[in-house]
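Undergrad: pasting the sequence and the predicted coordinates here, then a few questions.
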Amino acid sequence: MEAKKKILLVEDDEALAGVYKSRLEIEGFETAWAPNGEDALSEAVKFKPDLILLDAMMPKISGFDVLDILRNTPETANIHVIMLTALSQPKDKERAEALGVDDYLVKSQVVIGDVIDRVRHHLGIVAA
């Protein structure tokens, strides 16, 4: 049996994180949660996720800085990163893309099913 794909959820809104975590687990993913950028960086190295769902606006270290550090760290450079954020300005998306994000989703424009679809897409999982 194939090992479950691992998703690291980086979201400072605990209620929202809980909703996503439950849904990802129902969908068959192994998940870990980090409430801020600092924890995200240590968790990325420890948990070795296949994909990170990354919020942009967080205490301590922003999602953009987390992405920048991940991309410049050899052991995390190739992890898929989907930024899931409230920031809908084109300049924010451009910044994320310049830093090497795989996908950029605006929270107000997507439902959780869309997010799951994007996760599957980036992990090369064909929906059953």
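TA: On my side now, so go ahead. Numbering: from 1, shown residues only.

Undergrad: run through the protein and note the low-pLDDT ranges.
TA: Along the chain, the model assigns pLDDT under 70 to residues 1, 127-128.

Undergrad: going along the chain, name the helices of it.
TA: Along the chain, counting by DSSP state H, helices occupy 14-26, 37-47, 63-71, 90-98, 112-123.

Undergrad: would you reformat those as JSON lines and include mean neighbour count?
TA: All C-beta atoms are positioned from the backbone trio N, CA, C, and that covers glycine. Supplementary listing: the helices of the chain in JSON lines, determined by neighbours: other Cβ atoms under 10 Å:
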{"stretch": "helix 14-26", "mean neighbour count": "15"}
{"stretch": "helix 37-47", "mean neighbour count": "18"}
{"stretch": "helix 63-71", "mean neighbour count": "21"}
{"stretch": "helix 90-98", "mean neighbour count": "14"}
{"stretch": "helix 112-123", "mean neighbour count": "16"}
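
Undergrad: rebuild those as TSV, extending it with distance to Val106.
TA: Shown next, in TSV, are the helices of the chain (distance: least, Cβ to Cβ, whole Å):
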stretch	distance to Val106
helix 14-26	14
helix 37-47	19
helix 63-71	13
helix 90-98	8
helix 112-123	11
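
Undergrad: His80 is nearest to which of these?
TA: His80 lies closest, by Cβ to Cβ, to one member of these: helix 112-123, at 4.5 Å.

Undergrad: how about residues contacting that closest one?
TA: 5, 7, 19-20, 23-24, 27, 29, 50-51, 53, 80, 82, 84, 102-103, 105, 125-127 (Cβ atoms under 8 Å, 6 or more residues apart in numbering).

Undergrad: cool, thanks, talk later.
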